[in-house]
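J.: Predicted structure and sequence below. I'll ask about it afterward.
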Amino acid sequence: MSNRELSLANAIAHGEILGYHIFFHCENCGNSLFEVKHYKEKKGERNQDIIIEREYYLKCTHCGSEECDRLMTIIPSWSAPNINRDTMEKWEDSE
(Lines give C-alpha, C1' and ligand atoms only; values in the text may rest on other atoms or scores of the structure.)
Protein backbone atom coordinates (compact mmCIF):
# COMPACT_ATOMS: atom_id res chain seq x y z
CA MET A 1 0.00 0.00 0.00
CA SER A 2 1.42 3.41 -0.98
CA ASN A 3 1.75 6.46 1.26
CA ARG A 4 -0.95 8.18 -0.83
CA GLU A 5 -3.40 5.32 -0.24
CA LEU A 6 -2.64 5.34 3.49
CA SER A 7 -3.15 9.12 3.60
CA LEU A 8 -6.51 8.81 1.84
CA ALA A 9 -7.63 6.02 4.17
CA ASN A 10 -6.59 8.10 7.20
CA ALA A 11 -8.44 11.19 5.89
CA ILE A 12 -11.62 9.18 5.28
CA ALA A 13 -11.38 7.55 8.72
CA HIS A 14 -11.24 11.02 10.31
CA GLY A 15 -14.29 12.29 8.41
CA GLU A 16 -12.58 14.59 5.93
CA ILE A 17 -14.51 15.45 2.79
CA LEU A 18 -12.52 14.66 -0.33
CA GLY A 19 -13.09 16.08 -3.79
CA TYR A 20 -11.72 18.14 -6.64
CA HIS A 21 -12.54 21.56 -8.07
CA ILE A 22 -13.25 21.21 -11.77
CA PHE A 23 -12.51 24.12 -14.08
CA PHE A 24 -12.60 24.62 -17.82
CA HIS A 25 -9.35 25.80 -19.37
CA CYS A 26 -8.90 27.25 -22.83
CA GLU A 27 -7.46 24.62 -25.18
CA ASN A 28 -5.41 27.35 -26.88
CA CYS A 29 -3.90 29.48 -24.07
CA GLY A 30 -4.89 27.75 -20.78
CA ASN A 31 -6.95 30.69 -19.49
CA SER A 32 -9.85 29.77 -17.17
CA LEU A 33 -12.11 32.79 -17.78
CA PHE A 34 -14.76 32.56 -20.50
CA GLU A 35 -17.74 34.41 -21.87
CA VAL A 36 -20.67 31.99 -22.07
CA LYS A 37 -22.02 32.31 -25.61
CA HIS A 38 -24.72 29.63 -25.23
CA TYR A 39 -25.75 27.01 -22.66
CA LYS A 40 -27.91 23.94 -23.16
CA GLU A 41 -29.13 21.35 -20.62
CA LYS A 42 -31.06 18.12 -20.93
CA LYS A 43 -32.29 15.97 -17.98
CA GLY A 44 -34.07 12.67 -17.84
CA GLU A 45 -34.55 9.30 -16.16
CA ARG A 46 -33.45 5.98 -17.64
CA ASN A 47 -33.85 2.71 -15.69
CA GLN A 48 -34.10 4.72 -12.43
CA ASP A 49 -30.77 6.46 -13.22
CA ILE A 50 -30.87 10.25 -13.61
CA ILE A 51 -28.92 11.60 -16.57
CA ILE A 52 -27.97 15.28 -16.91
CA GLU A 53 -26.23 16.47 -20.06
CA ARG A 54 -24.89 20.03 -20.32
CA GLU A 55 -23.21 21.83 -23.20
CA TYR A 56 -21.32 25.08 -22.75
CA TYR A 57 -20.40 27.20 -25.77
CA LEU A 58 -17.58 29.41 -24.56
CA LYS A 59 -15.32 32.22 -25.77
CA CYS A 60 -11.96 32.71 -24.03
CA THR A 61 -11.63 36.21 -22.57
CA HIS A 62 -7.85 36.15 -23.13
CA CYS A 63 -7.29 34.91 -26.69
CA GLY A 64 -10.83 34.88 -28.14
CA SER A 65 -10.85 31.15 -28.98
CA GLU A 66 -14.29 29.58 -29.02
CA GLU A 67 -15.02 26.05 -27.85
CA CYS A 68 -17.81 23.74 -26.78
CA ASP A 69 -17.51 21.68 -23.60
CA ARG A 70 -19.96 18.86 -22.98
CA LEU A 71 -20.57 17.24 -19.59
CA MET A 72 -22.69 14.25 -18.71
CA THR A 73 -23.63 13.40 -15.13
CA ILE A 74 -25.22 10.07 -14.20
CA ILE A 75 -26.81 9.72 -10.77
CA PRO A 76 -27.22 5.96 -10.28
CA SER A 77 -30.47 4.43 -9.08
CA TRP A 78 -28.98 3.49 -5.70
CA SER A 79 -27.77 7.07 -5.05
CA ALA A 80 -29.76 10.09 -3.83
CA PRO A 81 -32.82 8.18 -2.57
CA ASN A 82 -34.81 11.37 -1.84
CA ILE A 83 -35.14 12.28 -5.53
CA ASN A 84 -38.55 11.38 -6.96
CA ARG A 85 -37.47 9.70 -10.20
CA ASP A 86 -41.06 8.94 -11.26
CA THR A 87 -41.77 12.63 -11.94
CA MET A 88 -38.86 13.05 -14.35
CA GLU A 89 -39.14 12.82 -18.11
CA LYS A 90 -37.77 9.67 -19.75
CA TRP A 91 -34.27 10.04 -21.19
CA GLU A 92 -34.16 9.95 -24.97
CA ASP A 93 -30.78 9.57 -26.66
CA SER A 94 -29.88 12.28 -29.17
CA GLU A 95 -29.58 11.16 -32.75
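T.: Ah, there it is. As the structure is a prediction and not an experimental result, all values here were calculated from the model.
J.: Helices of this structure, residue ranges please.
T.: 3-13 (DSSP state H).
J.: low pLDDT regions in it?
T.: For the chain, residues meeting the criterion pLDDT under 70 lie at 1, 4, 19-22, 94-95.
J.: What ranges does it have for its strands?
T.: Along the chain, counting by DSSP state E, strands occupy 34-46, 49-60, 66-75.
J.: Redo the ones you listed as TSV? Include mean neighbour count.
T.: The C-beta positions use only the backbone N, C-alpha and C, and glycine is treated the same way. Output for the strands of the chain, formatted as TSV (neighbours: other CB atoms under 10 Å):
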stretch	mean neighbour count
strand 34-46	13
strand 49-60	16
strand 66-75	12
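J.: Show me the one of those that comes nearest residue 16.
T.: In terms of CB to CB, the element of the strands of the chain nearest to residue 16 is strand 66-75, at 23.2 Å.
J.: Sheet partners, orientation included, of the closest one?
T.: Strand 66-75 pairs in its sheet with strand 49-60 (antiparallel), by DSSP bridges.
J.: Other residues contacting the partner strand?
T.: When contacts are defined by CB atoms under 8 Å, 6 or more residues apart in numbering, strand 49-60 is touched by residues 24, 26, 28-29, 31, 33-45, 65-77, 80, 83, 85, 88, 91.
J.: can I get the strands of the chain in JSON lines with distance to residue 18?
T.: JSON lines is the format used below for the strands of the chain (distance: least, CB to CB, whole Å):
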{"stretch": "strand 34-46", "distance to residue 18": "27"}
{"stretch": "strand 49-60", "distance to residue 18": "22"}
{"stretch": "strand 66-75", "distance to residue 18": "18"}
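J.: Those strands: which one's closest to residue 5?
T.: strand 66-75 (26.2 Å).
J.: what's in contact with the closest one?
T.: Contacts for strand 66-75 (CB under 8 Å, 6+ apart): 24, 26-27, 37, 49-60, 83.
J.: measure the residue lying closest to residue 31 once chain neighbours are set aside to residue 45 for me?
T.: Counting by CB to CB, 6 or more residues apart in numbering, residue 31 lies nearest to residue 62, which is 3.9 Å off, once chain neighbours are set aside. Taking CB to CB, to the nearest Å as the measure, residue 62 falls 39 Å from residue 45.
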